[in-house]
Structure formats: C-alpha cells, structure tokens
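Novice: Got a sequence here, can you build the structure:
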Amino acid sequence: QMQLVESGGGLVQAGASLRLSCAASGRTFSGYSMAWFRQAPGKEREFVAVFYWSDTSTYYADSVKGRFTISRDNAKNMVYLQMNNLKPEDTAVYFCAASRSRYPSGPTNYPYWGQGTQVTVSS
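Specialist: Okay, here's the model as predicted:
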C-alpha cells in the first residue's frame, strides 16, 4: 500500500517556473515507477512524465518535453516535477501516481494516486 501527497501548485504567469513535490509513504518506494499526470477542466487525465524504477529512465509527453523534468529521491521517498517556461495550456490539476510495473502505460496501470495539486498559468 502506498499513499501519495502532492504539493507545490499555484498561480503563476506564463514563462514562470514551479516545482511540484510528491511525498510517498511505504518502505519500498524505490521499487515503484512514479509518474505525473494532469487533468484540465472538461478534459481527460493525461500523462505528463514518468520515472521508471526498473532502469531509472524517464519519459515525457511531447507537450512538456524540454520544459519539465521529473526526478526522485529514494532516500526521502519523494518525486518532483520541475516545470519551466510554463504556458497557459499547462493549467490543470497535477496528480502523482505510483505503480509496481516496470514500464506502466496509461492511468489504469497506476493503482496509487495522490489528491492532486492545482497549477494555473495566466497569460
């Protein structure tokens, strides 16, 4: 069982940066792939970034590639999402998610979710 708590969201202007944090419970954190998803009003939840536990590789959605960076600190049970050059279209609730799968794909492969943190980017 794992519990996730996100923080770090807020209201910023376009071009600004934010760092989201996700605190995870559980003693086997290093054995979970950790991902960020987001959901804008009226839209489906979409993948943002993932850090695979199996080979420590990362993967990003095309819409955030080059602007966002996912990282993790296994000693602190934390995963982060550094978001630079934010755009109004990045406005959404951002969710942290965890999976024991080596290469989980899609929201249905993540059994553990946080409550989300709101990111609003004004133009």
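Novice: contacts, neighbours, all on C-alpha from now
Specialist: Fine.
Novice: residue closest to the middle of the protein?
Specialist: Residue closest to the mean C-alpha point of the chain, counted by C-alpha atoms, centre = their mean, is Trp36 at 2.1 Å.
Novice: Look up phi and psi at the residue lying closest to that residue once chain neighbours are set aside.
Specialist: Spatially, and ignoring its direct neighbours in sequence, Trp36 is nearest to Cys96 (4.7 Å; C-alpha to C-alpha, 6 or more residues apart in numbering). Main-chain torsions, Cys96, degrees, to the nearest 10: phi -100, psi 140.
Novice: Just say helix, strand or coil for Gln82.
Specialist: strand (DSSP: H, G, I helix; E, B strand; the rest coil).
Novice: Give me the neighbour count for it.
Specialist: Here the number of neighbours of Gln82 (other C-alpha atoms under 10 Å) works out to 14.
Novice: so it touches Cys22, yeah?
Specialist: No - Gln82 lies out of contact with Cys22 (C-alpha atoms under 8 Å); the separation is 11.6 Å.
Novice: Mind listing residues that contact the helix or strand in which Val50 is found?
Specialist: Assigned by DSSP states H and E, Val50 belongs to strand 46-51. Applying C-alpha atoms under 8 Å, 6 or more residues apart in numbering, the contact partners of strand 46-51 are 33-39, 57-61, 64, 69-72, 106-107.
Novice: Inside helices: which ones of those?
Specialist: With DSSP state H as the criterion, helices contain none of the contacts of strand 46-51.
Novice: Of those residues, just the buried ones, PyMOL syntax please.
Specialist: Entered in PyMOL, the line below selects the buried ones among these, by 16 or more other C-alpha atoms under 10 Å:
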select buried, resi 33+34+35+36+37+38+39+58+60+64+69+70+71+72+107
